[in-house]
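# kindly return the folded structure for what I paste below:
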Amino acid sequence: MISAAVVAAAMGFVPSAALAAEAPAGHARGVSAGTASSKGRSADGSQKAEAAVKAAAEQGAAFHSPANRSVRTSAKGAQAAASVTDNPGLGVDLSARGISTYGIKLTSFVYTSVATPITVDIDWGDGKTDSDMVTDSDFVETTHVYSELGTRTVTVTVKDLRNNVTATNSVEVTTVGTKFTPHAPTRLLDTRDGTGAAGAGAVAPYGTTRVKVGGNSGIPAGVTAVALNLTATNTAAGGHITAYPAGTDRPITSNVNFVAGQTVPNMTIVPVGADGYVELANRSSGTVDLIADVTGYFTRAVASGYTSLDPYRVVDSREGLGTAAGQVPGQSTFAVPIAGHAGVPYQGVTAVALNVTVTNPSNSGHLTVFPGGQQAPSTSNVNFTAGQTVANSVIVPVGPDGKINIRNGSWSGADVVVDVVGYYSPGSKAAYLPVTPTRLYDTRDWGLALPGQDYEHLGLGAHDLSIKGYVLNTTVTNTEGDGHLTVSPDPNTMSQYDKGTAVRPTPPNSSNLNWTKGATVPNLVQASTGKNGVIDFWNRSWQPTDLVVDMFGLYDEL
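Residues are numbered from 1 along each chain as shown. Modelled structure (predicted):
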């Protein structure tokens, strides 16, 4: 039989180092899902993403200062008495709301007793100003993009040029974007022993448990989102877990999928409810134990922004890349230099976003990823059984030595593969905007699975190139063969796809999730939008699979 690698090379593919199955005899390449035939599906996903982003910004706090707070001054600059008859109704009502991570939209409604030229001068509180003019009671809408997140006082002064009377009002505004603060890997919830719960005990069928985030384990109150590694174990029946902010309706999305008897982890970045809690819903007919480990959180304050990178492999024990050649021994730890490697800067990096894969394990166990220079915590990032290949997204603080550590918690050896997909640093501009979990794409809705060795493109950031990355949960289901999924930026533009001039991309040498025939597998993906705002989802199997893409947030520079 011809090997998958040979066939792939002949067809122009660059197979990932992770686990492509043998090509079945007589396999023929199908119609590419990345052609104009998928234009409707790509446009539908893009429209849903835009709607989710707009809704997230609009759901942020509204800021208002009514006109009766306006302070009037006379021509001489002294506060005008109530008996002043020259334009006694002059005032300005201020309403503001966030429209992007750094952007604010201000509506200034000018009230006047007489039709007269009135200047409207806006001081944004950051040294920048804007001006406009009205001739009667009217509103002025103005947008502004701050250079940094935070709270500022916006002051608007309206001046009646004819009567030489002014009125001034101010309103405090806060940008809706958030930045990341790394947190030492810490267990916030373990229903097996009652950690973080009312008592020990599995979550009931179709039941819900809560995770306290704000005000817990040194995490401040008021956090907007949290990076959690969720693990489902002791699963009595097949199903999935949905994580969502407390006090909101449960979405239709999923974070962890499992079958009976399985232990499955998955990274998630989930918004935090106003009360500081995250809800975890067990969507199965059996009980399940849940574990939640935190590695960082997001706040509307100056902290670390995000820089997306094209996936870059830094460790592959199978070939001696980034560690000694050969399986990582059981109960052992190895260090990975991160600062100054794979596009990560030498200085200033606080945390790194990874995709970590374990393969060829000879026994059950788990991997723990933690900062260099520290002891291994009692948390886990990837859980596996003998012979299983499992990938999981990981966000981990970088140690003072510029390294991270990876520990094989099994008693036997396993191969480890690590791909870098981005990093956090104070110098990184992109801020995070969490959104209500939204399903962007589901091949089952279209009745057409993603063909083997083919891809789907979604122009999620093509409408706004300031968007540098998306936080997505990708799930494969109805898998007809073994394989893995690769998510990467597309070198083509949406215009090239629309015109039919797009060139078939080459998938990178990385993987985001791995599966065996018949399995349903999810994984978080921090997907870079690249230069053109188009993201590719590659089915690196020789057989079709259904693909589901859920959106949880995005990183934006404006």
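# wait, Val259 sits on Ala236?
No. Val259 lies out of contact with Ala236 (Cβ atoms under 8 Å); the separation is 10.5 Å. The C-beta positions use only the backbone N, C-alpha and C, and glycine is treated the same way.
# pLDDT at the residue nearest in space to the middle of the chain, what is it?
The centre of the chain sits closest to Val471, judged by Cα atoms, centre = their mean, with a distance of 2.5 Å. Residue-level confidence at Val471 comes out at 95, pLDDT.
# distance of it relative to Arg540?
22 Å (Cβ to Cβ, to the nearest Å).
# same question for Tyr497.
21 Å.
# and these two? Which one has more around it.
A count of neighbours by other Cβ atoms under 10 Å puts Arg540 above the other of Tyr497 and Arg540, at 27 against 21.
# that one and Thr475: what is the separation?
Between Arg540 and Thr475 the computed distance is 16 Å (Cβ to Cβ).
# which helix in this protein runs the most residues?
Counting by DSSP state H, the longest helix found in the chain is helix 39-58.
# where in this protein is pLDDT low?
1-43, 58-60, 75-85 (pLDDT under 70).
# try it again at 50.
The chain contains residues with pLDDT under 50 at 1-37, 78-84.
# does Ser410 really touch His366, like I thought?
Yes. At 7.1 Å, Ser410 counts as touching His366 under the criterion of Cβ under 8 Å.
# what ranges do the helices span in this protein?
Counting by DSSP H, the helices of the chain are 4-10, 39-58, 443-446, 494-499.
# how far off centre is the longest one?
Which is helix 39-58. Relative to its chain's centre, helix 39-58 lies at 15 Å (Cα atoms, centre = their mean, to the nearest Å).
# for the remainder of this discussion, apply numbering that starts at 43.
Okay, using 43 as the starting number, the last item reads as helix 81-100.
# just the buried residues of that helix, please?
Neighbour-count burial for helix 81-100 flags 83-84, 86-88, 90-91, 94-95, 98-99 (criterion: 16 or more other Cβ atoms under 10 Å).
# closest to Asn551 among those?
Ser84 (24.8 Å; Cβ to Cβ).
# hang on, the earlier thing: residues touching the residue nearest to the centre of the chain, list them.
311, 474, 566-569, 593-597 (Cβ atoms under 8 Å, 6 or more residues apart in numbering).
# and for Tyr512?
For Tyr512, the contact set (Cβ under 8 Å, 6+ apart) comprises 91, 502-503, 568-569, 571, 577, 593, 595-597.
# which residues in the stretch 393-542 of the chain form strands?
393-401, 407-413, 424-426, 432-439, 445-450, 457-467, 473-484, 496-500, 509-519, 525-531 (DSSP state E, counting those that start in this stretch).
# which of the ones you listed sits closest to Thr375?
strand 445-450 (4.3 Å).
# what pairs with that closest one, and is each one parallel or antiparallel?
Strand 445-450 has its sheet partners listed here by DSSP bridges as strand 374-379 (antiparallel), strand 407-413 (antiparallel).
# quick one: work out the angle between it and strand 393-401.
30 degrees (axes from the mean of the first three to the mean of the last three Cα atoms, to 10 degrees).
# list the contacts of strand 445-450.
357, 370-381, 394, 398, 407, 409-416, 418, 438, 440-441, 456, 458, 460.
# quick one, that strand and strand 457-467 angle?
150 degrees.
# gap between strand 445-450 and the chain center?
Centroid displacement of strand 445-450 relative to its chain, using Cα atoms, centre = their mean, is 24 Å.
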